[in-house]
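Novice: sequence? don't have it. structure:
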């Protein structure tokens, strides 16, 4: 890699107009990037001023990308230390680069290296760079243009470096930043002040002809760029460079205080240039852009300072004047916001747009963080810290005075919060996009929505003062009706409605909303905006002490507003508010029953009218919520919902979130239908297959909801449709897919077994056994996963006769796996207990198979297993499971001649005595919902529908699967077998097949007290 010309040739090819040539060159560069000294040669090409600018530009871009990918020591094909040593000393020698595109990439490349190497490898980078900056500023011999270029590049590198350093959280980086902050201020603040003085001088010299002075723009633009870069660096140092801002030096504090005067001055210049109609095209766009960014940059500094140093922000004396200046801009720009309504239609009286709306947003955010801020509030015990007390004195005495609070509330209410013509234009032309934007979290980027949040916080904090006044204004608007021009009526009505909805939780003691809704004439208004606001208001008030006896009034109004005759935006808002009514805690299904049919009809009509997937998803969520809350009341309309699903599913192709919403709707419908959902199996099975088939890419997004639908379908099934039965073939793969869906998948398998165990096992048994075997044999899984796997195997053993399942179990080595775990005891006792419990279940259900398996083991091995098996019974606390253990021991003893098992009989007798003493021959009660040997305490399925949701309390309301589980539990040998009789029969059988002498020899090993207790229990 010593041929620099070859690299230049590849770089030239990368600039070709031929796409194939470019692709080949990029591939070649990617290969060369891993070769030694490649990046050093790239720097050579970039540093060579004789090379064409375009090639130098592509060289520095390649260098920057290589630094990003290979400079870190832990990176694959990392750049060697020797090559770094060739690059690092020359990094700051190119500060005089005068090509803006090349210089930008160069600055980024240097900052990236500093990001990786400071402070450990290159600890003096900051000092070296500051020294360069100081030398450049002090150099009077170099041409002005060269000094300006070097200054700009050095400050740009410094900005990128400080920006990256401020984002790092390791203690060493934080400490280094705090140490360098005073030095940075001492160097940069004089530069900032010097450039500021020169800008003022140029501004005075330009005088009244400022907007037409080309010389002024040419002279002051570099000054503005330098000022802006200084502010970029200093604002982060001010916010992040001091742990305690009280320790900041006079230079830093003086800079911050001075900026509160600099921002208004720059804004005045910007406003003069932006509003000067005579200037025309004389003002360069770049100049206005830099000036605009500079004004907003000061605001960013104030917002960051307020966020990270809330108490000092208020304590510094310059804050109240700065906030007052912001409010002056907010109030003076308000008339520009409340333009005449005909402005949207091209009316000639339209006022101009605000000069700088982001500045107004910054002011609103600053006031919002003053009005409601954790640091200015009392503690839980009502006391204020010293800092909070000082802040409250300043806030209450100088910032949020009583008169100003009222002024702010009125300005926000009648100027900022109402919908403007530009809002109405989108409201009418793109209703679906409007709704999506209103529900988004990007409120801090729009003046109206930011004002809404400030207004809500202001009323919440000043409720005693503002709530009665707001109630008076709202009620006064109703009493006075419409007066004034259409524009005045619009903004007054909009402000009243918006305030009434936004502050519902603060106004409920002062306004009877139900009475307001009855008396308000706007419900019959021909204006779509008024109807939209009425629907919006109901959604805001429904959760605020809305009387139960008046809710039907709200339902009727919303369904009327959701009719097809209304504008789409009104219908969507009405249905959205209806969804909030249904989701409300105080919703009563019996009250809504008369409105179910029109609600479905309105939602179905809206689904046919909307165009975006997001809007359809909203409506599907409404239907889903309605089905969930109404439950059995939904039965008459189930067919109508089912008819909606196919077109909805077709329209949702590729929209994973939308498909998820549809699956949830179908799941809730199946749950509501209960046993009647059996008729939907053929219809729903394709949806389940699409969602859970690992061969379908959509499963990544849909599998959880698909499995939930699958499980719900099985819970309500009374029989298996062939399409549903065929889905079980997907279950073995899903068992190994993800731990997040494992529990549900196992419940699905159990559901099939409970419906038709023999038939299911005949078609899918071996695959299921192998999948479950792999699950319980995996030692990397949690205890709960192992327990859940064995619970499903327990259901299998109980539901499938030994004639059908015996050979599959024997061939799968499942018994041997559990046997080995118990024998070797390498896992925790809690895990081993589940292996042992499964073997006990097999011994009880399939005694011949189990005894045949035990008889095949060597005596010593069988004894070691039997001893561990009995000992593990002590780790089982559930009575029913302990009975299964004891019955399993009895089954093993009753049919085996294996000496090892018989030698463990002395250990079994105490367990039998304990079982007979605790329960005798009575039926042991399993906990509700427990099947086999594992209780799923995380099962969120309910046995009955919610109270009051329909059904007469008879069998119709019972989930069929719960009934099947109850029958299985009732048939469990742990419940049905007489323990005393089983133990006695086991002893008799053991004596018969092993002979009296051998049997008595075994009994002789039993502790005499245990044997006596055993005989007493049997007598």
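Specialist: Alright, I've got the coordinates. Quick caveat: nothing in here was measured; it's all calculated off a predicted structure. Numbers count the residues shown, from 1 in each chain.

Novice: the host helix or strand of residue 620 - contacts with which helices or strands?
Specialist: Per DSSP states H and E, residue 620 falls inside helix 613-630. On a contact count with 3 or more C-beta pairs under 8 Å, 6 or more residues apart in numbering; DSSP states H and E, helix 613-630 meets helix 431-438, helix 568-583, helix 589-592, helix 596-609, helix 638-651, helix 656-673. The C-beta positions use only the backbone N, C-alpha and C, and glycine is treated the same way.

Novice: please redo it, this time with the cut-off set to 7 Å
Specialist: Counting by 3 or more C-beta pairs under 7 Å, 6 or more residues apart in numbering; DSSP states H and E, the packing neighbours recorded for helix 613-630 are helix 568-583, helix 589-592, helix 596-609, helix 638-651, helix 656-673.

Novice: need the residue closest to the centroid of this protein.
Specialist: Centroid-nearest residue in the chain, with C-alpha atoms, centre = their mean: residue 441, separated by 12.7 Å.

Novice: how about the secondary structure of that one?
Specialist: Of the three states, residue 441 takes coil under DSSP: H, G, I helix; E, B strand; the rest coil.

Novice: and residue 709, what does it touch?
Specialist: Neighbouring residues of residue 709 by C-beta atoms under 7 Å, 6 or more residues apart in numbering: 663, 666-667, 670, 684, 687-688.

Novice: what's the closest of the residues you listed to residue 94?
Specialist: Set against residue 94, the nearest of the contacts of residue 709 by C-beta to C-beta is residue 663 (58.7 Å).

Novice: state the pLDDT value of the closest one.
Specialist: Listed pLDDT for residue 663 reads 95.

Novice: spit out the contact partners of the spatially closest residue to it that is not a sequence neighbour.
Specialist: Computed as C-beta to C-beta, 6 or more residues apart in numbering, the closest residue to residue 663 that is not its neighbour in sequence is residue 705, at 4.1 Å. If a contact means C-beta under 7 Å, 6+ apart, then residue 705 has 660, 663-664, 691 as its contacts.

Novice: could I get those residues in a markdown table, plus columns for distance to residue 134 and neighbour count?
Specialist: A markdown table is the format used below for these (distance: C-beta to C-beta, whole Å; neighbours: other C-beta atoms under 10 Å):
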| residue | distance to residue 134 | neighbour count |
| --- | --- | --- |
| 660 | 60 | 19 |
| 663 | 65 | 26 |
| 664 | 64 | 20 |
| 691 | 66 | 23 |
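
Novice: widest-spaced pair of those residues?
Specialist: For those, the farthest-apart pair by C-beta to C-beta is 664 and 691; their separation is 11.3 Å.

Novice: mean confidence for the helix or strand where residue 254 lies?
Specialist: Remark: residue 254 resides in helix 250-275, with elements defined by DSSP H and E. Averaging pLDDT along helix 250-275 yields 94.

Novice: where does this protein have its least confident helix or strand?
Specialist: Between all helices and strands in the chain, the lowest mean by mean pLDDT, DSSP states H and E belongs to helix 463-480, at a mean of 81.

Novice: so the closest residue to residue 33 other than its chain neighbours, which state does it fall into?
Specialist: Closest residue in space to residue 33, ignoring its immediate chain neighbours: residue 66 at 5.3 Å, by C-beta to C-beta, 6+ apart. Following three-state DSSP, residue 66 is assigned to helix.

Novice: give me the number of residues near the closest residue to residue 70 other than its chain neighbours?
Specialist: Spatial nearest neighbour of residue 70, chain neighbours left out: residue 79 (4.9 Å); criterion: C-beta to C-beta, 6+ apart. A count of nearby residues for residue 79, using other C-beta atoms under 10 Å, gives 24.

Novice: doesn't residue 79 fall inside a strand?
Specialist: No. Going by three-state DSSP, the assignment for residue 79 is coil, not a strand.

Novice: confirm for me that it is in contact with residue 68.
Specialist: No. Judged on C-beta atoms under 7 Å, residue 79 makes no contact with residue 68 at a distance of 11.3 Å.

Novice: before we move on, the earlier item: which residues touch the residue nearest to residue 70?
Specialist: Counted by C-beta under 7 Å, 6+ apart, residue 79 has contacts 39, 70-71.
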